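> Can you look at this prediction? I've put the sequence above it.
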Amino acid sequence: MKRVLMLLPLAIFLVVAVFLYRGLFLDPTELPSALIGKPFPAFELPAVEGDRQVRREDLLGKPALVNVWATWCPTCKAEHAMLNRLAEQGVVIHGINYKDENAKAQQWLKDFLDPYQLNVSDPDGKLGLDLGVYGAPETFLIDKNGIIRHKYVGAIDERVWREQLAALYQELVDE
């Protein structure tokens, strides 16, 4: 009995060490989403610019990237030029301005250009909560019917677009 009690701390340590070691090889940008394969959540929120309300139905019709962004997010600023290039190439991008002040978002879009075909103001983060957003930036790839096909956490840059998202987007365009 004494021997078992003496080995118990070693056994606990080994179990914890295995889990920690496994964690070293996980990709932090691949956070699982329970929404993959499910419809984009229903919402009705004001647009960042203009006097209109945007709803889930407004996102339908074409495959699109839905980018969660904020002016307080330095990584969003780093990503923004790439989103502008993608929009110039014809990629449909919608924005969700997450937990931000609308006036700041409007100024940001004037200063850094606007890649978004639709841009939703989510000042309380309710839509972000429904999407399971951890922070900004996060990007969802939706098909023409509004089904979430992929989620990417972090900034989209040339490598991420080329290696992970471009083929998925093109596949949805070709459907």
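Everything's here; your move.

> Find the nearest non-adjacent residue to the most centrally placed residue in the chain, please.
In the chain, the residue lying closest to the centroid (Cα atoms, centre = their mean) is residue 138, at 2.0 Å. What sits nearest to residue 138 in space, not counting adjacent residues and going by Cβ to Cβ, 6 or more residues apart in numbering, is residue 68, at 4.5 Å. C-beta here means a position set from N, CA and C on the backbone, and glycine is covered the same way.

> Show the contacting residues for the one you found.
By Cβ atoms under 8 Å, 6 or more residues apart in numbering, the contact set of residue 68 is 95-96, 98, 128, 131, 133, 136-140.

> doesn't it fall inside a helix?
No: checked against DSSP: H, G, I helix; E, B strand; the rest coil, residue 68 lies outside a helix; its state is strand.

> Just the strands from the protein, written as ranges.
Residue ranges of the strands in the chain, as given by DSSP state E, are 44-46, 53-55, 64-69, 93-98, 118-122, 138-142, 148-153.

> who touches the second one?
This points to strand 53-55. With Cβ under 8 Å, 6+ apart, strand 53-55 has contacts from 42-47, 118-120.

> That one - which strands sit beside it in the sheet, and in what orientation?
In the sheet, strand 53-55 lines up against strand 44-46 (antiparallel) (DSSP bridges).

> neighbouring contacts of the strand it pairs with?
Everything outside strand 44-46 that qualifies as a contact, by Cβ under 8 Å, 6+ apart, is 52-55, 102, 120-122, 127.

> Can you tell me the closest non-neighbouring residue to residue 135?
Nearest non-adjacent residue to residue 135, counting by Cβ to Cβ, 6+ apart: residue 73, 7.5 Å away.

> quick one on the thing from earlier: enumerate every residue touching the residue nearest to the centre of the chain.
67-68, 131, 151-154.

> can you tell me which of these lies nearest to residue 81?
Checking these against residue 81 by Cβ to Cβ gives residue 67 as the nearest, at 13.0 Å.

> quick revisit: just curious, which of the contacts of strand 53-55 is nearest to residue 171?
For these, the nearest to residue 171 is residue 118 (22.3 Å; Cβ to Cβ).
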